[in-house]
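S.K.: Below is the sequence, then the predicted model.
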Amino acid sequence: GAGVSQSPSNKVTEKGKDVELRCDPISGHTALYWYRQSLGQGLEFLIYFQGNSAPDKSGLPSDRFSAERTGGSVSTLTIQRTQQEDSAVYLCASSLGRVNTEAFFGQGTRLTVV
Amino acid sequence: EDQVTQSPEALRLQEGESSSLNCSYTVSGLRGLFWYRQDPGKGPEFLFTLYSAGEEKEKERLKATLTKKESFLHITAPKPEDSATYLCAVQARQGAQKLVFGQGTRLTINP
C-alpha cells in the first residue's frame, strides 16, 4: 500500500495480558516513530528508529513497553502485563529520515484494556 | 526541554469567518515546524513544514507562517469540512529526532 499500515485497528485485552501492535511503514522510509494518544490528549512520543542506529527509547513509559524493527521495515510495539492506563490509540509514523522531512501517520491501533 | 503550546484549545467559527490558530514553541535550535490535521478516529494528516522564520506556505484555505517563537495557521473563509483538530509539532536540530507535539486546537466550523 501507499501509506503507513497498522494492525490491528482495534484491540481489546484483559488486564495483565501481553499485546503486540504492528506497523508497516511506507516503502523506502528509514525513520519510524511510535506515539500514544490518550482520549482528548496530544501525542506522546514513545520510541524512534532511524536506519541501523540505536533507537531513541526515551519516551517509553515503563519497562513493560518495548519495540523492535526488523530488517529496517516492519515494527512491533509490545506491551507486557497490560494495565488499564495503557488504554489509548497507538500511532505509528514513518519518514524518509533525512533532514527536514515530514512524518506520515497510520490510522492507529485503539487499545482497550478491560 | 523542547515545548509546544497551542492556543486556543477549542475554536468555533461560522462558515466564512476567518481566524488564526497559534503555536508557540521553545526548542534548542529548530530543524522544522510541522502542522497536521486530525479528524476523529483517524491518524494525523500532514499539512505543512516550515523551516525558518519568515517562511510561509499555503494550501487551499490554509496558510502557515513562522517566526522565531511561534507559528500561525491562518484559515480564510473556512467551510464545515475544515472542522478538525489541528496539531503543531517541532523537531530540534540537535540530538533527538523526535517530533514534539502540542495539545492541538479543536476547530469547529458551523454552517
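M.R.: Now that the structure is in, tell me what you want to look at. Numbering: from 1, shown residues only, chains lettered A, B, ... in the order given.

S.K.: Return the residues in contact with the closest residue to chain B within chain A.
M.R.: Nearest residue of chain A to chain B: residue A:105, at 3.6 Å (Cβ to the nearest Cβ). Using the backbone N, CA and C atoms, a C-beta is placed for each residue, glycine as well. Shown in contact with residue A:105 (Cβ atoms under 8 Å, 6 or more residues apart in numbering or on different chains): A:4, A:91, A:92, A:93, B:36, B:43, B:44, B:45, B:46.

S.K.: Can you name the residues of chain B sitting close to chain A?
M.R.: Contacts of chain B with chain A, taken as Cβ under 8 Å from any Cβ of the partner chain, map to B:31-32, B:34, B:36, B:42-46, B:49, B:51, B:87, B:89, B:96-104.

S.K.: Let's see which of those residues end up in strands.
M.R.: When the residues of chain B next to chain A are checked against strands (DSSP state E), the matches are B:31, B:32, B:34, B:36, B:45, B:46, B:49, B:87, B:89, B:99, B:100, B:101.

S.K.: What number of residues are in the vicinity of the third one?
M.R.: Same thing as residue B:34. 23 (other Cβ atoms under 10 Å in any protein chain shown).

S.K.: Please tell me I have it right and it contacts residue B:100.
M.R.: No - at 10.1 Å, residue B:34 does not count as touching residue B:100 under the criterion of Cβ atoms under 8 Å.

S.K.: quick one: common contacting residues for these two?
M.R.: With Cβ under 8 Å, 6+ apart, residue B:34 and residue B:100 have common neighbours B:89, B:90, B:91.

S.K.: Can you list the buried residues in stretch A:12-30?
M.R.: A:13, A:19, A:21, A:23, A:24, A:25, A:26, A:29, A:30 (16 or more other Cβ atoms under 10 Å in any protein chain shown).

S.K.: gap between residue B:79 and residue B:29?
M.R.: Per Cβ to Cβ, to the nearest Å, residue B:79 is found 37 Å from residue B:29.

S.K.: Same drill for those two, tell me which one is more crowded.
M.R.: Neighbours of residue B:79 and residue B:29, each counted by other Cβ under 10 Å, are more numerous for residue B:79; the result is 13 against 9.

S.K.: how close does the more buried one get to chain A?
M.R.: Separation of residue B:79 from chain A (Cβ to the nearest Cβ, to the nearest Å): 24 Å.
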